[in-house]
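Participant: Please work out how this folds:
(one chain, ligands or ions: 2)
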Amino acid sequence: MTEAATRLTIRRPDDWHVHLRDGAVLAGVVPFTARQFGRAIVMPNLSPPMTDCAGVAAYRQRIMAALPEGSDFTPLMTLYLTDSTDPDEVARGFADGTFVAAKLYPAHATTGSAHGVTDIANIRAVLERMAAIGMPLLVHGEVTDAHVDIFDREAVFIERTLAPLVRDLPELKVVFEHVTTREAVQFVESCGSNVAATITPQHLQINRNAMLVGGIRPHMYCLPVAKREVHRLALRQAACSGSARFFLGTDSAPHAQSLKEAACGCAGIFNAPFALESYVQVFDEEGALDKFEGFASLNGPAFYGLPVNPGTVTLERGECRVPETIDANGTAIVPFHAGEVLGWRLLA
Ligand code: NCD
Ligand code: ZN
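Facilitator: Ligands and ions are numbered 1, 2, ... in the order given. Modelled structure (predicted):
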């Protein structure tokens, strides 16, 4: 791959972290993910959350029903862990393919986490069972302690929770989701091959200035919140390094424009419509287009023990105009990069 390459064809990628929502908005947003990706790990933080096999199976059916005609997109489902999750339910749903992973939200860490885990000690038996059956734990890695500054919550989570967990259960497969700090990159690099991380396009593209300079910009707000430039640079280096431990997870998290542009705007960036275009721009700027396929299409399946997708997608250099808003089946949502022109486009 030379720098002047005008086209990049890679194995069809997957999104290892996405919020597809439910109801009318689900039908409005899922076509964007299905257009770009072969599979996606679907987050369970609905209201109410997906805490048992029956609920997850029913949600999967609603996703399938919302897919465009002829789509061969495959949702990979997840279970939402609570203080009272039953280890047998977890093992049963994993064994029969209802879900492929379980999600740990520290209670009140982010959108839809009110029913999350209040103390990781409460799910010890679940985690031991998951380690025994090879089931990945997906972690929202932020402490919720009111005394910890929001910009430090990921780094403190590593110290207080994640490092001890990985030490105590060295067999457990862990995905440290949407990492945002240099500390997280270093932590993942220090672990064995059972620990990996996803990285979003926004954390590769923006630092916290994008959210706060020249006025408060709610559409740049997500959790974990974007950090200082030094952290963005560490994430870009990790993504483009060729390490199999880092892979694509958009954390596309659509919210109605009216709920973002509010006195207490909610967290989440809707990046699904132009996710690949955003990511590839980063790899291009870093002179690492040859590493993009690993990050987008190979490392995730290898970690989850799944085959890579059949088929390919092609990205081409050229103007890609991102609209100011997108109508998601009746709900106006402002996408990431709204109003910008990106330098790559995904061919149909
Ligand atoms: C997500 C959402 O809206 O569901 N929001 C976000 O800012 N990323 C929740 C999450 O993944 O933290
Ligand atoms: Zn998320």
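Participant: Show me where this structure dips below the pLDDT cut-off.
Facilitator: 1-4 (pLDDT under 70).
Participant: can you give me the helices for it?
Facilitator: 23-36, 53-66, 87-95, 124-133, 153-157, 163-168, 182-190, 201-205, 209-212, 229-239, 257-260, 275-285, 292-293, 299-304 (DSSP state H).
Participant: Including mean neighbour count, could the ones you listed go into TSV?
Facilitator: Quick note: C-beta positions are derived from backbone N, CA and C, even for glycine. Putting those into TSV (neighbours: other Cβ atoms under 10 Å) gives the following:
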stretch	mean neighbour count
helix 23-36	21
helix 53-66	16
helix 87-95	17
helix 124-133	17
helix 153-157	23
helix 163-168	15
helix 182-190	19
helix 201-205	24
helix 209-212	15
helix 229-239	19
helix 257-260	17
helix 275-285	22
helix 292-293	22
helix 299-304	21
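Participant: Out of these, flag the one nearest residue 247.
Facilitator: Residue 247 lies closest, by Cβ to Cβ, to one member of the helices of the chain: helix 299-304, at 4.0 Å.
Participant: Which neighbouring elements make contact with the closest one?
Facilitator: Packing contacts for helix 299-304, counted by 3 or more Cβ pairs under 8 Å, 6 or more residues apart in numbering; DSSP states H and E, involve strand 246-248.
Participant: what comes into contact with the strand it packs on?
Facilitator: If you take Cβ atoms under 8 Å, 6 or more residues apart in numbering as the criterion, strand 246-248 is touched by 13-16, 188, 196-199, 238-239, 279, 295-296, 299-300, 303.
Participant: Could you rerun that using 6 Å?
Facilitator: Applying Cβ atoms under 6 Å, 6 or more residues apart in numbering, the external contacts of strand 246-248 come out as 16, 197-199, 238-239, 295-296, 299-300.
Participant: same thing with stretch 83-99?
Facilitator: Taking contacts as Cβ under 6 Å, 6+ apart, the residues outside stretch 83-99 that touch it are 52-53, 56-57, 77-79, 117-118, 122, 125-126, 129, 133, 135.
Participant: CA-only coordinates of that stretch in CSV, if you can.
Facilitator: Provided in CSV are the C-alpha atoms of stretch 83-99 (Å, rounded to 0.1, in the frame of the first residue of the first chain):
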residue,chain,number,x,y,z
ASP,A,83,-25.6,-7.5,41.0
SER,A,84,-28.0,-10.4,40.8
THR,A,85,-27.0,-12.0,37.5
ASP,A,86,-27.3,-15.8,37.7
PRO,A,87,-24.1,-17.7,36.6
ASP,A,88,-26.2,-20.5,35.1
GLU,A,89,-28.2,-18.0,33.0
VAL,A,90,-24.9,-16.6,31.7
ALA,A,91,-23.5,-20.1,30.8
ARG,A,92,-26.8,-21.2,29.2
GLY,A,93,-27.1,-18.2,26.9
PHE,A,94,-23.5,-18.4,25.9
ALA,A,95,-23.7,-22.2,25.2
ASP,A,96,-26.8,-21.9,23.0
GLY,A,97,-25.5,-18.8,21.1
THR,A,98,-28.1,-16.3,22.5
PHE,A,99,-25.2,-14.0,23.3
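Participant: mind checking how far that stretch is from the chain centre?
Facilitator: How far stretch 83-99 lies from its chain's middle: 22 Å, per Cα atoms, centre = their mean, to the nearest Å.
Participant: ditto for stretch 228-236
Facilitator: For stretch 228-236, the distance to the chain centre is 18 Å (Cα atoms, centre = their mean).
Participant: Kindly report the same for stretch 295-308.
Facilitator: Counting by Cα atoms, centre = their mean, stretch 295-308 comes out at 14 Å from the chain centroid.
Participant: Ligand 1 versus the nearest residue to residue 68 once chain neighbours are set aside, what's the distance?
Facilitator: The shortest distance from residue 68 to any non-neighbouring residue, by Cβ to Cβ, 6 or more residues apart in numbering, is to residue 31 (5.0 Å). Distance, residue 31 to ligand 1, using Cβ to the nearest ligand atom, to the nearest Å: 19 Å.
Participant: cool, residue 316 as well?
Facilitator: In terms of Cβ to the nearest ligand atom, residue 316 sits 30 Å off from ligand 1.
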